[in-house]
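K.L.:
Next come a sequence and a model predicted from it.
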Amino acid sequence: MRIGSAKQTYAADEAIFKTDVQRLWFGLLALALILFPFVSSDYWQLLACLIAVNVIAATGVMILTGFTGLVSLGHAAFMGVGAYTAAYLSNHLALPFWLSIPAGGFAAAAVGAVFGIPSLRVKGLYLALTTIAASFILQSIFFNWTAVTGGARGLTIEPASMFGHLLVTPGAIYWIAMPIAALSVWWARNLLRTRVGRAFIAIRDRDVSAELLGIDLLRYKLMSFALASFYAGMAGAVWVYLFRVITPESFRLIESIFFVAAIIVGGLGSVRGAIFGAVFMTLVPELLKIGASDLAPYWPDAVKLLSPVRTIVFGALIVGFLMFEPLGLNEIWLRIRQRFALWPFRT
Amino acid sequence: MSPALLDFVEFSLAGLCVGALYALTGIGFVVVYKATRIINFAIGEFMMIGAYFFFGLAAQASLPNWAAIILALIAAGTVGGFLERFIFRRLIGESAISVFMVTIGLASIMVGLVEIAWTADPRSLPTFLPDRPFFVPLGSAEAFLASKNGWSFIIVAAIMAAFITVFRFWRGGIALRATAADQQAAYSVGINVPGVFSFAWILGAITAAAAGILVGSISGISSAMGAIGLSLIVVVIVGGLDSLAGALVGGLMIGWLESMASLYIGGEYKQVATFVILLLVLVVKPYGLFGTHDIERL
Amino acid sequence: MRSDRRKILGGIGAGALASTFPAPWVRDLRAQEASEIPVAIASPMTGVFAFAGIEGTDGANHFAQYFNERGGIAGRKLRLIVEDTGYQVPQAVAVFNRLVAEYKVPLFLGDSTGFQKTINEEVNRRGLLLAGASFASEIDDPKKYPLQYMPGPSYSAQVGMLLKHIAATKKGARIAFVHSDTEFGRDPIAKSEAYAKTLGLEQVEKIVTPPGSFDVSSEVLKLRRARPEFTIFHGYVMAPVPEFMKQMKEARVETQFMGTFYSSDLGILQKMGDVADGYLGVNAYNYVNQEGVSGPAMDFIKKANGGKYRTNSYLQPWTNLTLGTEAMRRCLESGKEMTGANLKAALNTIKDYDMGGVIGVPISIPGNSLGVGRIFRANLKAGKMDPVSDWIRAEA
């Protein structure tokens, strides 16, 4: 319920929470996220952790692609850099997770910035292809640098520990993954309200004009790459604490595609879109799987015959959203919210 | 001829023949990009459906091989034309990345459909190439060239010749080049630009399907074979996205390079060698060896 | 136009959701009965290993039928819950978490080496028994993998059998390894190279192929120079093995081709075509269409499939389940709870057990693997595999 929100300052216009009702809803959401692990099973906790990881990474991709207009299909590889870094540091220097996760982020940021250099010279699709090349190159490094990455066998790590407790179950990792996801989202949302965020958007809308406005393209494009890769690296590091095994096959090109697909389905150009996209794209295949296995008692071959259908649905979602709802889930959300904006006074 | 030189020649021949296949796939990719500025990420899946159509017609419907090949190419071309007409034409004006993602979505759909129609079992294609190897005389020695490699090279050369003829002399080919050069101008001189788009997609799909049938005859087919197409994206990055000559040179070069890596350092370094070249190209000529670098004006 | 589009999209969405919505309801209705023993299977039904996953699912379902027809364990019936993993570790872990929590399964069958390694600690923590489609040498170690087992000899044991066969056929023979540059492909190589040396075999070439590459011509040129008398493939299912064989034949390299479990299936070899005739493969099981093979299990398989050939990926979960259910039976009969440790202990008591025709000799499982295998020669004209050795017990 909202009865108008007249704004009197520019600051108010930029505020994240515009009304108390929003604050209330947000508080309820936060409460639900805190209570979630107490009422859910291992499986849903694992999914929640996966969603948190995907939200972190998708938010990064959103900064890069949705706000700066630079397309990266190498994000899974940057995630891999973060994951390997965290695993290596945890194994060799016995770094605790609260140091190794950010370390993974910084390592990925450095690598991402290096691979972002071509973005100064190439744009659009060429850049996308360049990042695919980055992903191939990194993959090959993961595979062949046996001393650090363990080669084809990969690495295994000890569980993270907090106050003497080993964080083994997804339910425990949730307390790492979800706060980091929340912080990431919060930080990304705030970034947009700063000079840097506005510079990103200016570059996205027209890089040449942005440069004329005095925005240093070199600096901001690399910054965007580094930031996005930092997010990816953090996501990868959380991922590695969740699964505790990492192999070169963990971060393939298809995962990068997944993130870009997620932000498109979610809605390009808003942090909320990244969240929606990550949640939706993680849950839909799982729900379809549950659906198929629930049919199994009545139709024994359901799982077998419906499995390819899931592959098709994944593709159809991407194509369908781009053709029929190019602004994504975020747009649908806004429409719904609009409809209830004046409820119950006017419906 | 010294053994070392014979090694070099023999491995080079093998590499160039494989490179010809890379080039063919690259061309299927470039044709579409040149005309429509769409990056067809589903190129590997077009290869896959071409190979499966051939498999269905030759092995399951037991048509003679030549008829099956022709029908498979026609069918693949139809799919390409259909997708252009009903999906990509509607997306004209959308951002390049959206269209790119649509091709990714289509790739996934095609994989699912193939798994439903033909299951996920790996299969072999019927042999349609003679299996007598070539022995290329080199002074006192002979260089061995596996039959499929030799034949693929010959077939690809023939397709290339056809391409060059079409683009040089046929009206449609010239229209395609005109559209690639300047869409607005092409419209204003009365070129049927949507027609050109359809033509490019059909041609791209047919080329990819031909490559798919040839690759499938070497490696067998499966619903996961689209991944091969993906790894060939390296070829067009090196050659340049919008250059047919680039795809040709890039393909041959990478094929040759892989073979050299295999000869002198070992098969496991094939990919690493490719990536080193890729990095060099990206740093020195990010638009590829032959790609056009668009100059933007405000 | 706009609203049409939304309707279509809504349709897709609603369809996707509708197919999942029965979930909570149905689940309540089919609350677990105490008379059932649930076993969960994570199987790759999409992705690169889909062919094996689908065969395996059929094998598992037929086993459940066979087992239940024969009365289960003291009247308790086996109930399988199968899910797709797409051959991806995170998906398999999600399946594991869900099914183990929901059904409290005592036995879980996984889909890949990667998954079995990933989940190992979790398996130890929750205390259940795990087996799967992996023959990774690493998993054949009861200390590191205390609650896992594998339904055959490990890859290095398989290659070891082939090497021993070579050494018995020809002293000091020239051999070559051809393997893929994947975890699966690299698995037995180092160990096997050392073993070949102790057997006095001369290794003349080692070919490593990058994953996903279809071209083998430069590798064949190398093999043409090395002229191995025996060529051992490992780490492939089908491609690029047939192309290696074809081109080596063209290049007139006189060599005996050999391979491990996945590329030794008759169905796969038949798809490879005539070149595969005479190929020597090591298998952990009998072939379904092999003559003179019978026993209650094999007879049931033949009848259930109406003479249709089934691959060795079909027999793999069959064997896993045979061993797993036998462990459960022993566990329950001795009045113990079905925890992972109890089940593994019961599994290790299996000695000289008759597999009902699936394996030609009585088997024992003292550690983590079922260490017997047999070498067969592809006789494609007759459409079958002829045994060329006795059942061999794996050393190492």
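P.N.:
Received the coordinates, thanks.
K.L.:
Low-confidence stretches in the chain?
P.N.:
Defaulting to chain A. A:1-5, A:346-347 (pLDDT under 70).
K.L.:
think we crossed wires, I meant chain B
P.N.:
Low-confidence regions of chain B, defined by pLDDT under 70, span residues B:1, B:294-298.
K.L.:
Could I get the full set of strands for it?
P.N.:
B:134-138, B:141-145 (DSSP state E).
K.L.:
which one of those strands is the most hemmed in?
P.N.:
strand B:141-145 (a mean of 19; mean count of other CB atoms under 10 Å in any protein chain shown). Where you see a C-beta, it was placed from the backbone N, CA and C, and this is true even at glycine.
K.L.:
what residues does that strand touch?
P.N.:
With CB atoms under 8 Å, 6 or more residues apart in numbering or on different chains as the test, strand B:141-145 has contacts from B:1, B:6, B:9-10, B:13-14, B:17, B:133-136, C:217, C:221, C:224, C:251.
K.L.:
just to revisit the earlier point, a markdown table for the strands of chain B, including distance to C:Leu266?
P.N.:
Shown next, in a markdown table, are those (distance: least, CB to CB, whole Å):
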| stretch | distance to C:Leu266 |
| --- | --- |
| strand B:134-138 | 33 |
| strand B:141-145 | 32 |
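K.L.:
So C:Ala40 belongs to a helix, correct?
P.N.:
No. Counting by DSSP: H, G, I helix; E, B strand; the rest coil, one finds C:Ala40 to be strand, located in no helix.
K.L.:
That one - nearest residue in space that isn't next to it in sequence?
P.N.:
Leaving aside its sequence neighbours, C:Ala40 sits nearest to C:Leu99 (CB to CB, 6 or more residues apart in numbering or on different chains; 3.8 Å).
K.L.:
Run a quick neighbour tally on that neighbour.
P.N.:
Neighbour count of C:Leu99, defined by other CB atoms under 10 Å in any protein chain shown: 22.
K.L.:
in terms of contact, does it touch C:Thr85 like I think?
P.N.:
No. Using CB atoms under 8 Å, C:Leu99 is not in contact with C:Thr85; the gap is 11.3 Å.
K.L.:
what touches both of those two?
P.N.:
With CB under 8 Å, 6+ apart as the test, C:Leu99 and C:Thr85 both reach C:Ala42.
K.L.:
What distance do you get for C:Glu183 to chain A?
P.N.:
Using CB to the nearest CB, to the nearest Å, C:Glu183 is found at 4 Å from chain A.
K.L.:
quick one, what contacts that residue?
P.N.:
C:Glu183 neighbours (CB under 8 Å, 6+ apart): A:152-154, A:247, A:249, C:113-114, C:136.
K.L.:
check contacts around A:His75.
P.N.:
So A:His75 contacts A:57, A:60-61, A:131, A:228-229, A:232, A:255-256, A:259-260 (CB under 8 Å, 6+ apart).
K.L.:
and if you look at C:Asn283?
P.N.:
C:261, C:264-265, C:312, C:373-374, C:376, C:385.
K.L.:
Equivalent analysis for B:Ser198, please.
P.N.:
B:81, B:84-85.
K.L.:
what number of residues lie near the closest residue to chain C within the stretch 51-200 of chain B?
P.N.:
At 3.1 Å from chain C, B:Ala120 is the closest residue in the stretch 51-200 of chain B, using CB to the nearest CB. Residues lying near B:Ala120 (other CB under 10 Å) number 24.
K.L.:
quick one, what contacts the residue nearest to it when sequence neighbours are not counted?
P.N.:
Using CB to CB, 6+ apart and skipping the chain neighbours, the partner closest in space to B:Ala120 is C:Ala50 (3.1 Å). Counting by CB under 8 Å, 6+ apart, C:Ala50 touches A:307, B:115, B:119-121, B:223, C:44, C:87.
K.L.:
for chain A, what's the longest helix?
P.N.:
helix A:217-243 (DSSP state H).
K.L.:
Need the contact partners of the following helix or strand past that helix.
P.N.:
Per DSSP states H and E, the first helix or strand lying C-terminal to helix A:217-243 is strand A:245-246. For strand A:245-246, contacts defined as CB under 8 Å, 6+ apart pick out A:80, A:83-84, A:87, A:154-157, A:240, C:89, C:114, C:117-118.
K.L.:
now stretch C:371-380
P.N.:
Stretch C:371-380 is contacted from outside by C:152-153, C:157-158, C:161-162, C:165, C:264, C:266, C:269-270, C:274, C:276-284, C:287, C:359-361, C:363, C:385-394, using CB under 8 Å, 6+ apart.
K.L.:
buried subset of those residues?
P.N.:
Listed as buried from the contacts of stretch C:371-380 are C:152-153, C:157-158, C:161-162, C:165, C:264, C:266, C:269-270, C:276-277, C:279-284, C:287, C:359-360, C:363, C:385, C:387, C:389, C:391-392, C:394; burial here means 16 or more other CB atoms under 10 Å in any protein chain shown.
K.L.:
can you give me the strands for the stretch 1-150 of chain C?
P.N.:
Ranges of strands within the stretch 1-150 of chain C are C:36-43, C:77-84, C:107-110, C:129-132, C:148-149, based on DSSP state E, counting those that start in this stretch.
K.L.:
C:Gly373 is in what secondary structure piece?
P.N.:
Counting by DSSP H and E, C:Gly373 is found in strand C:372-379.
K.L.:
list the buried ones in that strand?
P.N.:
C:372-378.
K.L.:
repeat for stretch A:190-209
P.N.:
A:191-192, A:196-197, A:199-204, A:207.
K.L.:
any chance of the contacts of C:Asn283 in JSON lines, plus pLDDT?
P.N.:
Converted to JSON lines, the contacts of C:Asn283 look like this (pLDDT from 0 to 100):
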{"residue": "C:Phe261", "pLDDT": "93"}
{"residue": "C:Ser264", "pLDDT": "92"}
{"residue": "C:Asp265", "pLDDT": "92"}
{"residue": "C:Asn312", "pLDDT": "90"}
{"residue": "C:Gly373", "pLDDT": "94"}
{"residue": "C:Arg374", "pLDDT": "94"}
{"residue": "C:Phe376", "pLDDT": "95"}
{"residue": "C:Met385", "pLDDT": "93"}
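K.L.:
Please see if stretch C:81-96 touches chain B.
P.N.:
No. Shown here: stretch C:81-96 not in contact with chain B (CB under 8 Å from any CB of the partner chain), separated by at least 9.5 Å.
K.L.:
Any idea how far apart the tips of that stretch sit?
P.N.:
11 Å (CA to CA, to the nearest Å).
K.L.:
Quick one: name the residues of the stretch 51-200 of chain B near chain A.
P.N.:
Residues of the stretch 51-200 of chain B lying close to chain A (CB under 8 Å from any CB) are B:87, B:90-91, B:94, B:96-102, B:104-113, B:115-116, B:120.
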